[in-house]
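*Asks:* no letters, just coordinates:
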């Protein structure tokens, strides 16, 4: 998609020039003056496409307002404008400030994404974007492209339906990340999980005809350092609700219930490709949640890998069961701090809509670190509480803990359940992305991928 040109050459074949409209930049100033206009003529639009009227060889010039690149609302206009371009384009890289180059190429890369694999008529998506530079900005261009591609890959995983992406296929996707230097991938089979006594994870799988997969990815970018952060993604490939069956209205779109898994896979891709000086692992307990002859039913009791027994109140509170064993596994593998990412509850959607990802933690300093990175990248995170009252909701007559509490404060009660599987004083954050990872009109969003990656890059 991207081809380098070392000098600024426009030909009749160049249909569109993309430039900053900041008039104090000599390259932008040259283009503006060549068109016989002033910067005031361009107004305050974030993205403006004008005809050159033969004044330069290119047919169109696109002007981008650089401050808009870091503004959530305005950057969406730039993204949609780039996505609508049909012509080969050349980006005048020297017209942009260095601080904006990565953001620009991330937007250009994301603008190329189309979910086309199941359409009989392919939607055009490939604009050949070339760039010219006399500055050494290639690292920033590369960074923007990597972030954009990692987000696009995350969206592709979430958008793909279950009959094309089950636990086995997700494991195959993860194995391919082994090709990135510094990355090692190991897939644990059902028998391995049985040997580790992962009764919570395997309980969710009991109604499925597809075998579960425990995915473990390690990236050691700073092997001499003891700190290792685990990113743990909920990998429920499709959620029917089990015998606590979802309604016909709520079941469509449940292919997105592995959004946490896709998000952490996208994050580790960006972290490793950008050679972050950090040690990061990914853990995904992947299975679907179906109805079958052997499926768990309410009142069943499962024993987790940690040894805690769990009374099943609802088979539709299954994601937390898979995460319970995944959290245990991450700690067994040496994680010194953990972030789990999950499309866990409808309650967080009711509380925060699609504006904020809900966050819970046992370490406020760790969460503040993540929130600061999220804010810088326009991916807002809201801190929600875990209170003793929510913990009491999980008390069980039959087992150590139940997998569901009452009707109120469902997101907090779910977080209180996960908290039970975190060792004392182990910094931990739970991100509930149920409201931010997917919407029915546009599909997957790719939110939080960049925040998780930028923690380390």
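*Replies:* Great, that's in hand. Bear in mind the structure is a predicted one, so any value in this text is a computation, not a measurement.
*Asks:* what's near enough to touch the nearest residue to residue 245 once chain neighbours are set aside?
*Replies:* Leaving aside its sequence neighbours, residue 245 sits nearest to residue 291 (CB to CB, 6 or more residues apart in numbering; 7.1 Å). Glycine gets a C-beta too; all of them are placed from N, C-alpha and C. Contact partners of residue 291, counting by CB atoms under 8 Å, 6 or more residues apart in numbering, are 207, 240, 242-243, 245.
*Asks:* neighbour-wise, which of these leads?
*Replies:* residue 242 (26 neighbours; other CB atoms under 10 Å).
*Asks:* wait, isn't that one in contact with residue 287?
*Replies:* No: contact criterion CB atoms under 8 Å: residue 242 and residue 287 do not qualify, at 11.4 Å.
*Asks:* spit out the residues that contact the two alike.
*Replies:* What both residue 242 and residue 287 touch, as defined by CB under 8 Å, 6+ apart, is the set residue 204.
*Asks:* just to revisit the earlier point, quick check on the residue nearest to residue 245: phi, psi?
*Replies:* phi -100, psi 130 (degrees, to the nearest 10).
*Asks:* and the pLDDT at it?
*Replies:* With respect to pLDDT, residue 291 scores 97.
*Asks:* and for residue 129?
*Replies:* Residue 129 is given a pLDDT of 73.
*Asks:* beta partners for it?
*Replies:* Using DSSP bridges, the bridge partners assigned to residue 129 are residue 2, residue 89.
*Asks:* and the strand or helix carrying residue 263, what does it pack onto?
*Replies:* Using DSSP states H and E, residue 263 maps to helix 259-273. Applying 3 or more CB pairs under 8 Å, 6 or more residues apart in numbering; DSSP states H and E, we find helix 259-273 packed against helix 138-159, helix 167-176, strand 213-220, strand 229-239, strand 279-289, strand 337-342, helix 449-454.
*Asks:* how about those in TSV, adding distance to residue 190?
*Replies:* Converted to TSV, the helices and strands packed on helix 259-273 look like this (distance: least, CB to CB, whole Å):
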stretch	distance to residue 190
helix 138-159	22
helix 167-176	10
strand 213-220	8
strand 229-239	14
strand 279-289	9
strand 337-342	22
helix 449-454	28
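*Asks:* for this protein, which segments are assigned as helices?
*Replies:* 26-34, 72-83, 98-111, 138-159, 167-176, 190-195, 199-205, 259-273, 319-332, 346-352, 364-376, 388-392, 410-419, 449-454 (DSSP state H).
*Asks:* picking that back up, list just the nearest of the contacts of residue 291 to residue 354.
*Replies:* Distance to residue 354, by CB to CB, is smallest for residue 240 among those, at 23.7 Å.
*Asks:* thought the closest one was touching residue 250?
*Replies:* No: assessed by CB under 8 Å, residue 240 is found out of contact with residue 250, at 10.3 Å.
*Asks:* need the outlier residue of this structure, farthest from its centre.
*Replies:* Largest separation from the mean C-alpha position in the chain: residue 36, at 43.9 Å (CA atoms, centre = their mean).
*Asks:* now tell me what touches stretch 182-199 from outside.
*Replies:* Residues contacting stretch 182-199 (CB under 8 Å, 6+ apart): 171, 174-175, 177-178, 201-202, 205, 211-221, 268, 272, 275, 285, 302-305, 307, 325, 329.
*Asks:* tell me the buried residues in that stretch?
*Replies:* For stretch 182-199, a neighbour-count test (16 or more other CB atoms under 10 Å) marks 183, 185, 187-188, 190, 193, 196, 198-199 as buried.
*Asks:* what's the answer for stretch 301-316, then?
*Replies:* For stretch 301-316, by 16+ other CB under 10 Å, it's 301-306, 308, 310-313, 315-316.
*Asks:* turn those into TSV, including distance to residue 420 and pLDDT.
*Replies:* As requested, the buried residues of stretch 301-316 are exported to TSV (distance: CB to CB, whole Å; pLDDT from 0 to 100):
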residue	distance to residue 420	pLDDT
301	15	98
302	13	98
303	14	98
304	9	98
305	13	98
306	8	98
308	6	98
310	9	98
311	13	98
312	15	98
313	15	98
315	19	98
316	19	98
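*Asks:* from the residues you listed, which single one is nearest residue 364?
*Replies:* Using CB to CB, the buried residues of stretch 301-316 come closest to residue 364 at residue 306, 24.5 Å.
*Asks:* measure the closest one to residue 389 for me?
*Replies:* Distance of residue 306 to residue 389, computed by CB to CB, to the nearest Å: 23 Å.
*Asks:* ditto for residue 368
*Replies:* 25 Å.
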